[in-house]
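1. build me a structure from this.
(one chain, ligands or ions: 1)
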Amino acid sequence: MCGIIGYIGKRNAVSVILEGLKRLEYRGYDSAGIAFFSDKGIEVRRSTGKIKELASLFESEKPFSHTAVGHTRWATHGRPTEENAHPHKSHSIVLAHNGIIENYFHLKEKLVEKGYQFKSETDTEVLCHLIEDYAKTYPFEEAVRKALKEVKGTYAFVVLKEDEPGKIVGARKDSPLVIGLGEGESFIASDVPAFLNYSRNVIYIDDGEMVVMTDDGIKITGPDGNNVRKDVKSVPWSLSMAEKGGYKHFMLKEIYEQPRAIGDTLKGRFSPESGEVNFEEFGLSIDELKKTEKIFIVACGTSYHAALIGKYMIEQLAKIPVEVDIASEFRYRSPIVKPGDLMIVITQSGETADTLATQREAKRLGAKVLSICNVVGSTSSREADAVFYTHSGPEIGVASTKVFTAQVVGLYLFAVGLGKIRGVISESLAKELLRELLMLPGKVEESLAMDESISMTARDYFKARGFLFLGRGINYPIALEGALKLKEISYMHAEGYPAGEMKHGPIALIDEELPVVVLAPRDNLREKIISNIQEVKSRGGKVISIINSSDSEVHRISDKCISVPYTNPYLTTVVMAIPMQLLAYHIGVLRGCDVDQPRNLAKSVTVE
Ligand code: AGP
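-> As a prediction, the model looks like this:
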């Protein structure tokens, strides 16, 4: 969602901000803007569309400044126009904001009465005028603090004041904000990639904190105005990890990184010799896990599909009942969570507003929270009782790919380890299940080798009116994921369905025009899925089956087969996910879509 970047230092702040905004593009946006100090005061430039449109405004003038802020906007209140783009300006105050000011209407009425004129349809402009109003009476930082006392909602923002050049004030509540520290320079941003080429030393700002950046350094205060001491953390990611590295798109690069991402996620976390999973890596005590009677798994989007797979794994291997929810639904169904229950939240970004709200609610109800998360230092990881990091590296493409398979692998480790310590699976079975993991990166490589065949399939069907994805059992979530990937990347309508449920409705969609992707591995449901394929074929549908190695029977009745290597039924989900990702990618490219930054989507969804 919206991205913020601010800079103070010796470099040309305008260039640093434009570069940082480029690196925040992956978050999703529809307009952008920049504000910088010059000898005329604070100047603001804004434009709709991509960063290159904004950059083109500087082609002739080439300003030089030491202090600037920039913003990419993902529209919530008001259309994506130049007037609604950030930063917004009151008389002396200039502000860029992420989040939603919920009581903006009420505040706006009060400010209009006082004579403030609004130029945009945004909720943000209210905050800008409100700070301006307080700044008539109070010093800059105090004015920000006073304004925040009146505001309800979520925010991360950076604010400048005309008569205080060389100063940026920032604050956060429920939206991410991180400081980057360099030699004689500092950065403030919504996410680390914005300044990763300059600094890997970071300070994460917590809710309620305010930061003042000047040439002399940074000062962080808590809600009471007292100084707060914060640890400087080192980011484990390098800049090259956040670059395309010769691939045409981040999405393709990230799909191809999966063998490495899975390998890194597994490193040091289990022993195939002893059949043991290192629960210290999960931050959970074995005693507590032995006593756990109920597990909830909550997530959004692709992470939710990993959660559904986790349910099959944990219930089958550890025999603990698992409830899975979409995060935005969980809180509103009055869930029965008790002290001693375990809540697993799955989130790539660690900043998804609905998921964060859920983990806070679960904590309030007395559950222990384990976050399966990819971003070190993210809000979810900091607020959880325990964290299992997927070591996938930065995921820049809006469509989640490599983190999804790493999440599934993390859940598998958890389920096997839990099954073993609870005595549900024997030591020898645990060893066998863990040994299979050692071969997984190689098997994912083999699935990736099907790329050419998948690209040909994409060419055959990219003009179809839609797609149906069918799976059964543990592969049903992979059908959901296949449909979600295709929708996001190609804007094509696609549905994921449990194959056995097809006859209760979606079968009406089937005709000669509809491609149906069927996940047909060699598992205990193979005979059933073969019957489902027959049902599609007898109505003229076109079947693309994803099979384990050769399967002549499925081959004979399908229009096209794509083979992935055989592994156990749990890990089959991982090798089956690869063709789903590649199919969506190729169809998206053939349809001329922006696969890395699909329209309307944001990489981290920081509003509810
Ligand atoms: C996946 O391709 C998505 N763009 C989206 O569904 C994503 O998985 C969802 O927003 C959850 O994000 P999170 O994992 O960062 O919490």
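2. who's in contact with the residue of the chain found nearest the ligand?
-> Nearest to the ligand, among the residues of the chain, is Gly301, at 1.8 Å (CB to the nearest ligand atom). Where C-beta positions appear, they are placed from N, C-alpha and C, glycine not excepted. By CB atoms under 8 Å, 6 or more residues apart in numbering, Gly301 lies in contact with Ser400, Leu484.
3. now it: how far from Val16?
-> 32 Å (CB to CB, to the nearest Å).
4. thinking again about what came up before, let's see the pLDDT reported for the residue of the chain closest to the ligand.
-> Predicted confidence (pLDDT) for Gly301: 97.
5. and it, backbone torsions?
-> phi 60, psi -130 (degrees, to the nearest 10).
6. okay, it and Asp206: tell me how far apart.
-> As judged by CB to CB, Gly301 and Asp206 stand 26 Å apart.
7. what do you get for Asn98?
-> Distance from Asn98 to Asp206, by CB to CB: 16 Å.
8. equivalent analysis for Thr572, please.
-> Thr572 is 41 Å from Asp206, where distance means CB to CB.
9. okay, the two: which has more neighbours?
-> Thr572 (24 against 16; other CB atoms under 10 Å).
10. residues of the helix or strand that contains the more buried one that come out buried?
-> Element membership for Thr572, per DSSP states H and E: helix 569-590. In terms of neighbour count (16 or more other CB atoms under 10 Å), helix 569-590 has its buried residues at 569-589.
11. in this structure Gln258 contacts Leu448, no?
-> Yes: look at Gln258 against Leu448 with CB atoms under 8 Å: they come within range, at 7.4 Å.
12. common neighbours of the two, please.
-> Contacts common to Gln258 and Leu448, judged by CB under 8 Å, 6+ apart, are Ile578.
13. what residues does the stretch 301-450 of the chain have near the ligand?
-> By the rule CB under 6 Å from any ligand atom, the part of the stretch 301-450 of the chain lying against the ligand is Gly301, Thr302, Ser303, Thr347, Gln348, Ser349, Thr352, Thr355, Val398, Ala399, Ser400.
14. and those, which of them are buried?
-> Among these, those classed as buried by neighbour count (16+ other CB under 10 Å) are Gly301, Thr302, Ser303, Thr347, Gln348, Ser349, Thr352, Thr355, Val398, Ala399, Ser400.
15. average pLDDT for stretch 370-390?
-> The average pLDDT for stretch 370-390 rounds to 94.
16. can you name the residues that contact Gly153?
-> Contacts for Gly153 (CB under 8 Å, 6+ apart) come out as Gly99, Ile100, Ile101, Glu102, Asn103, Tyr104, Asp123, Lys173.
17. could you pull up phi and psi at the nearest residue in space to the fourth one that is not next to it in sequence?
-> Nearest-residue entry for Glu102: Gly153, 3.8 Å, with adjacent residues in sequence omitted and distances by CB to CB, 6 or more residues apart in numbering. Its backbone dihedrals place Gly153 at phi 130, psi -160, with angles given as degrees, to the nearest 10.
18. look at Gly153 and report its pLDDT.
-> Gly153 is given a pLDDT of 91.
19. with Leu160 instead?
-> 98.
20. of Gln258 and Leu448, who's got more company?
-> Gln258 (28 against 19).
21. now do the contacts for that one.
-> Counted by CB under 8 Å, 6+ apart, Gln258 has contacts Thr401, Lys402, Thr405, Ala406, Pro441, Val444, Leu448, Ile578.
22. now the last one: closest residue in space, sequence neighbours ignored.
-> Spatial nearest neighbour of Ile578, excluding adjacent residues (CB to CB, 6+ apart): Ser447 at 3.8 Å.
23. equivalent analysis for the fifth one, please.
-> Across the structure, with CB to CB, 6+ apart as the measure, the residue nearest Pro441 apart from its sequence neighbours is Pro259 (3.9 Å).
24. which SSE is the one you found in?
-> helix 258-266.
25. what sits up against the helix or strand just after that helix?
-> Note on helix 258-266: by DSSP H and E, the next helix or strand toward the C-terminus is strand 270-271. With contact meaning CB under 8 Å, 6+ apart, strand 270-271 is reached by Glu276, Val277, Asn278, Leu413, Val416, Gly417, Leu434, Leu437.
26. kindly give a single PyMOL line that selects the buried subset of these.
-> The following PyMOL line selects those of the contacts of strand 270-271 that are buried, judged by 16+ other CB under 10 Å:
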select buried, resi 276+277+413+416+417+434+437
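27. so which of the contacts of strand 270-271 are in helices?
-> Leu413, Val416, Gly417, Leu434, Leu437 (DSSP state H).
28. touching, the fourth one and Pro272? I think so.
-> Looking back up the chat, that one is Leu434. Yes: the criterion here is CB under 8 Å, and Leu434 meets it with Pro272 at 4.5 Å.
29. before we move on, back to that, most widely separated two among the residues of the stretch 301-450 of the chain next to the ligand?
-> Taking CB to CB as the measure, these span a maximum distance of 17.8 Å, between Thr355 and Ala399.
30. you'd agree Lys603 is in a helix?
-> No: Lys603 is assigned coil when assessed by DSSP: H, G, I helix; E, B strand; the rest coil, not a helix.
31. pLDDT value on it, please?
-> As predicted, Lys603 sits at a pLDDT of 82.
32. phi and psi next, for it.
-> According to degrees, to the nearest 10, Lys603 has phi -70, psi -50.
33. avg pLDDT for stretch 78-86?
-> Averaging pLDDT along stretch 78-86 gives 91.
34. what do you get for stretch 168-188?
-> 95.
35. which strands or helices does the one helix or strand Lys219 maps to pack on?
-> Under the criterion of DSSP H and E, Lys219 resides in strand 217-221. Here strand 217-221 touches strand 210-214, going by 3 or more CB pairs under 8 Å, 6 or more residues apart in numbering; DSSP states H and E.
36. parallel or antiparallel, list what pairs with the strand it packs on.
-> Strand 210-214 sits in its sheet next to strand 167-173 (antiparallel), strand 217-221 (antiparallel), going by DSSP bridges.
37. so what touches it?
-> The contact list for strand 210-214, computed with CB under 8 Å, 6+ apart, reads 6, 8, 141, 144-145, 148, 166-171, 177, 179, 186, 188, 205, 218-221.
38. tell me the pLDDT at Pro335?
-> 89.
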